[in-house]
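Participant: I need the structure of the sequence given here:
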Amino acid sequence: MLKITTLIITSICLLASCTKQDFEIRNLNGNNIKAFGHGGMGHDHTYPMNSLESVLKCLNLGMDGTEIDVQMTKDSVLIAYHGEELSYRTNLEGLVHEFNWSEIEKGLYMESPFLGYKISSLEQMFSQIENLNDYEFSLDVKIYPAADVDGYINTYISALINLVEKFDLSSHVYIESQHPEFLARLQSQKPDYKLFTYPSSFETGLQTAVEMGLYGISIANEDVSKEQVETAHKQQIRVMIWQLRSIASNKEAILKNPDIMQTDKVNDLLRLLN
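Facilitator: Okay, the predicted model is just below:
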């Protein structure tokens, strides 16, 4: 009898830990946290991060949006891909900007359990999302070394602007970058875009965001405190938190009152916030 009682109590506790909780949220987003997937459904899901399947699954579950890692091919096509090297989980090798899209689109994710999924261009992805403007997207701009960095950045910005305008997403995208020059050049052309600095530390990020008049800071959960989020909010700087790979880190981040969360535990964050 004691064993049965213990089992029932344990089950109730586990259920309670996975259901909605009441959080007193205070932020610059109307005191609501926008819930984003990390590359769709996140790390270690059955779909590879940044794949069309992962993004569609995330959005169809009811998330506000998703983060997508963005790189540019040799012929200026923006693709959804995380690793610097194409050998990261695919059957291709080399840097993204060394290949044309026609070569990369033939590649497949080959690391178990991701066998057979394709790399997607952002144009393909946005074309296949129903009710696209119902969602928001944080585009994490990946800029890896190229021979002509200035020319590369200018071409990248042109490709990004063309994509955003083609799908009428200017009010639905956040653009993250670790590269201040990229942000400055994009801001000079599109001052209304919501730009986030992706800093090495909160202090550096806050200084950059304030000096440049950026929309926000994108930062790992372990690198920011509740007090620092509040400091950013006092300067009208939004905070987007990522590196959320557990139930505990989801809860911890919510208590910091960020404006946006990028999680690898999509279902758990939905239960906590909805």
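Participant: what about the strands in the stretch 151-274 of the chain?
Facilitator: Assigned by DSSP state E, counting those that start in this stretch, the strands in the stretch 151-274 of the chain fall at 173-177, 194-197, 216-220, 238-244, 260-263.
Participant: just checking, which of those strands sits deepest inside the structure?
Facilitator: Of all these, strand 260-263 carries the top mean neighbour count, a mean of 27, counting by mean count of other Cβ atoms under 10 Å. In short, each C-beta sits where N, CA and C put it, glycine included.
Participant: could you say what helices and strands that strand packs with?
Facilitator: Other elements packing on strand 260-263 under the criterion 3 or more Cβ pairs under 8 Å, 6 or more residues apart in numbering; DSSP states H and E are strand 34-38, strand 238-244, helix 247-254.
Participant: Strand partners (parallel or antiparallel) of that strand?
Facilitator: Sheet pairing of strand 260-263 (DSSP bridges) gives strand 34-38 (parallel), strand 238-244 (parallel).
Participant: now what about that strand, what contacts it?
Facilitator: If you take Cβ atoms under 8 Å, 6 or more residues apart in numbering as the criterion, strand 260-263 is touched by 29, 33-38, 42, 66-67, 138, 174, 216, 238-242, 244, 250, 253-254, 269.
Participant: Give me the buried positions along stretch 36-44.
Facilitator: 36-42 (16 or more other Cβ atoms under 10 Å).
Participant: mind checking the end-to-end distance for it?
Facilitator: End-to-end distance of stretch 36-44: 16 Å, with Cα to Cα, to the nearest Å as the criterion.
Participant: Pull the distance from it to the chain's centre.
Facilitator: Distance, stretch centre to chain centre, for stretch 36-44: 8 Å (Cα atoms, centre = their mean, to the nearest Å).
Participant: what sits up against that stretch?
Facilitator: Contacts for stretch 36-44 (Cβ under 8 Å, 6+ apart): 47, 49-51, 53-59, 63-69, 80, 82, 136, 138, 242, 244-245, 260-266.
Participant: right, and the helices and strands packed on strand 260-263 - which one's nearest Glu130?
Facilitator: Nearest to Glu130, of all the helices and strands packed on strand 260-263, is strand 34-38, at 16.7 Å by Cβ to Cβ.
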